[in-house]
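Student: predicted model, plus sequence, below.
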Amino acid sequence: MIKVENVSFTYPSGVNALKSVSIEISDGEFVAIMGENGAGKTTLVKQFNGLLKPGEGDVYVDGRNTRDLSVAELSKDVGLVFQNADHQLFCETVEDEIAFGLRNFGFSNRVNKKRVKWALTLLDLQEYRKISPFMLSGGERKRVALASVLAWKPRVIILDEPTVGQDQSQKERLLQFVRQLNTQGNTVILVTHDIEFVAECDPRVVLMSHGRIVADGPAKKILTNPKLIKKTSLILPQITQLFFKLADLGFPKDVISICEAKKLINDFVARRS
Amino acid sequence: MKAFEGLRFKRTSSFIHQLDPRVKFVLSCVVFILAIMFTELLPLTILLSVQLPLVYLAHVHKEWLSSLRSSLILATMIFLTNLIVGYVSSEFQLTSSVLTYSSSMTLRFVTLVASFSIFFLTTSPDDLGLALEQSHFPYEFAFAFTTAVRFVPVLANEAQMIIDAQKSRGLELEKGNFLKRIRNYLPILIPLIVNAIRRSLELAEAMESRAFGAKEHRTNLFALKIKMNDVLVLIVTLTILAFSIYIRLYVQIPIVEIPTFQIT
Ligand SMILES: Nc1ncnc2c1ncn2[C@@H]1O[C@H](COP(=O)(O)OP(=O)(O)O)[C@@H](O)[C@H]1O
Ligand SMILES: [Mg+2]
């Protein structure tokens, strides 16, 4: 469990990026942290694995104060995958890249081999096993970066802006993958402003703006609140926009998923005919 | 990454900022020459202290101090090397003149850092490029120079992101013995270099698509002009230079020595 208590954080440059933020994330939860550029999302998740320590307030991971632990110790439980894969790939082969974290955490060679194979399969990278990560396409590099963190099976997985620069089919795969991780019992935290992506996931949504949490609740409630969405420079999911326009035909306004939309329209057509 | 802070241009307007970059460059060079000319503690101390008002005028004291702080390691190394060499060559005696010499060598280095830090803190890369161009350097050279200076903060920023990413993968920079620690930096350096190369290729493409090098003579939107203040500063600087040369040649400089306590 991650518990953030009245955390404020100011960068050395003087930017006050978090202002008395409190939030609790339970084991196995699926959370999307959303908000405009510079809202403080990345700053917040960096507190979760100790890259940044709170200026004021406390962050607890499974009851342990992050101030007392190193980034390495925390990262074993809280895996953070950054937006730009090019900021971490450096090994000669994809295999080595995935083994890097495992070696740092001191797993035995036998476990390493097993985990690397597992991660390669998980992200469909077997064929690139012996290839340099620099030879891969952008989407593939991102998958290698993800695999290199998942390999040590952190219980909490944080993905910072995972959909940026991904095409639609890659997003689709990522969506399934993220869901799968969550159903296997992992806590998944998505940092994104891709509202369509979040709408399809239907997680708990935490909205941030100017260093504060301005809303926290189920996606269906938050993503269909035009006032809140506008405040954070987002726009409503397309499905929701459509159902806002269809409201005078008697449709509900809080629709975010295609499945639900299809069902509502089916019912409507059935009633008409 | 703090090491670059002292060289990063700070955009404010002050008397010093508004000086012509060429004049400021002359000023820095004169400090350089003077620092090389004198080996005595007294003139070097004066040389360092006359820079203080300039720092104050330019409102860059915080950055300036941070650049001095980051030069501390090198300064210590210079001091120790001189001390050890002097100690050995004076038949294993820590004489007062060895101590004084080591101190003035260190002070000379700090003075140089201080003066070039003022120059870079108060001169925008654009002005610098213009100055190079108007001093008849080839445009390609001026451009390469300004681009390099401009990308320093970008690189520093990127290095921080890479460090964060690798630490999140369990990398512990401070772990292990000396050799291991150096190896710990590979996961940081490789992505940094690869990204820098990738970015420079992208930059080249972007420049070519904006007709870089299409015409032999390009025109500038802005041109540097020497103003009254520039002339004044130049005159004062050159006077100081002439005066110092006179002192060097004809005046005996009072020797300030650091006393030592003989350990027997
Ligand atoms: N390393 C840093 N140094 C100084 N300021 C920073 C740094 N990183 C982020 N900031 C600032 O902190 C604020 C929050 O940034 P960030 O957490 O990255 O936002 P988000 O991830 O929501 O886009 C922004 O105003 C940003 O400019
Ligand atoms: Mg961010």
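Tutor: Yes, it's here. Ligands and ions are numbered 1, 2, ... in the order given.
Student: quickly find the element holding the residue of chain B found nearest chain A.
Tutor: Using CB to the nearest CB, the closest approach of chain B to chain A is made by B:Gly170 at 3.2 Å. (C-beta placed from N, C-alpha, C; glycine too.) Under DSSP states H and E, no helix or strand contains B:Gly170.
Student: just the helices in the chain please.
Tutor: Picked chain A for this. Along chain A, counting by DSSP state H, helices occupy A:41-48, A:71-75, A:94-104, A:109-122, A:138-150, A:168-183, A:195-201, A:219-222, A:226-231, A:238-245, A:258-272.
Student: actually it's chain B I care about, not the one you picked
Tutor: Counting by DSSP H, one finds helices in chain B at the ranges B:2-5, B:15-18, B:21-37, B:41-49, B:51-58, B:61-70, B:72-89, B:96-122, B:125-134, B:139-167, B:178-184, B:186-208, B:228-250.
Student: in TSV, list those helices along with mean pLDDT.
Tutor: Output for those, formatted as TSV (pLDDT from 0 to 100):
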stretch	mean pLDDT
helix B:2-5	55
helix B:15-18	88
helix B:21-37	92
helix B:41-49	91
helix B:51-58	90
helix B:61-70	87
helix B:72-89	91
helix B:96-122	90
helix B:125-134	86
helix B:139-167	89
helix B:178-184	86
helix B:186-208	93
helix B:228-250	93
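Student: okay if I get those as a markdown table plus distance to chain A?
Tutor: Compiled in a markdown table, the helices of chain B are given as follows (distance: least, CB to the nearest CB, whole Å):
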| stretch | distance to chain A |
| --- | --- |
| helix B:2-5 | 9 |
| helix B:15-18 | 20 |
| helix B:21-37 | 26 |
| helix B:41-49 | 27 |
| helix B:51-58 | 19 |
| helix B:61-70 | 11 |
| helix B:72-89 | 19 |
| helix B:96-122 | 16 |
| helix B:125-134 | 20 |
| helix B:139-167 | 4 |
| helix B:178-184 | 10 |
| helix B:186-208 | 4 |
| helix B:228-250 | 31 |
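Student: who wins for proximity to ligand 1 among those?
Tutor: Closest of those to ligand 1 is helix B:139-167, at 6.1 Å (criterion: CB to the nearest ligand atom).
Student: buried stuff in that closest one?
Tutor: Residues of helix B:139-167 classed as buried by neighbour count (16 or more other CB atoms under 10 Å in any protein chain shown): B:139, B:142-143, B:146, B:149, B:151, B:155, B:158-159, B:161-167.
Student: once you drop chain neighbours, what's closest to residue 240?
Tutor: As the question left the chain open, I've gone with chain A. Once flanking residues are discounted, A:Thr240 sits nearest to A:Thr224: 5.1 Å by CB to CB, 6 or more residues apart in numbering or on different chains.
Student: not quite, I wanted chain B
Tutor: With CB to CB, 6+ apart, the residue lying closest to B:Ile240 is B:Val30, at 6.9 Å.
Student: contacting residues around the residue nearest to B:Tyr139 when sequence neighbours are not counted?
Tutor: Nearest non-adjacent residue to B:Tyr139, counting by CB to CB, 6+ apart: B:Glu133, 5.9 Å away. For B:Glu133, the contact set (CB atoms under 8 Å, 6 or more residues apart in numbering or on different chains) comprises B:Tyr139, B:Ala142, B:Asn220.
Student: quick one, domains of the chain?
Tutor: No chain specified, so I'll use chain A. For chain A, the structural domains run A:1-77+A:156-164+A:180-236, A:84-153, going by automatic domain parsing.
Student: hm, I was asking about chain B
Tutor: B:2-123+B:226-250, B:137-209.
Student: could you report the neighbour count for the residue nearest to B:Ile240?
Tutor: By other CB atoms under 10 Å in any protein chain shown, the residues close to B:Val30 number 18.
Student: again, but for B:Ile193
Tutor: 11.
Student: go on, the one 10 residues further on?
Tutor: B:Leu203 is surrounded by 13 other residues when neighbours are defined as other CB under 10 Å.
Student: excluding chain neighbours, what is closest to it?
Tutor: Spatially, and ignoring its direct neighbours in sequence, B:Leu203 is nearest to B:Thr147 (7.3 Å; CB to CB, 6+ apart).
Student: looking at the helices of chain A, which is nearest to B:Asp230?
Tutor: When the helices of chain A are compared by CB to CB, helix A:41-48 sits nearest B:Asp230, at 44.1 Å.
Student: could you give the angle of the closest one to helix B:139-167?
Tutor: Helix A:41-48 and helix B:139-167 are oriented at 40 degrees to each other (axes from the mean of the first three to the mean of the last three CA atoms, to 10 degrees).
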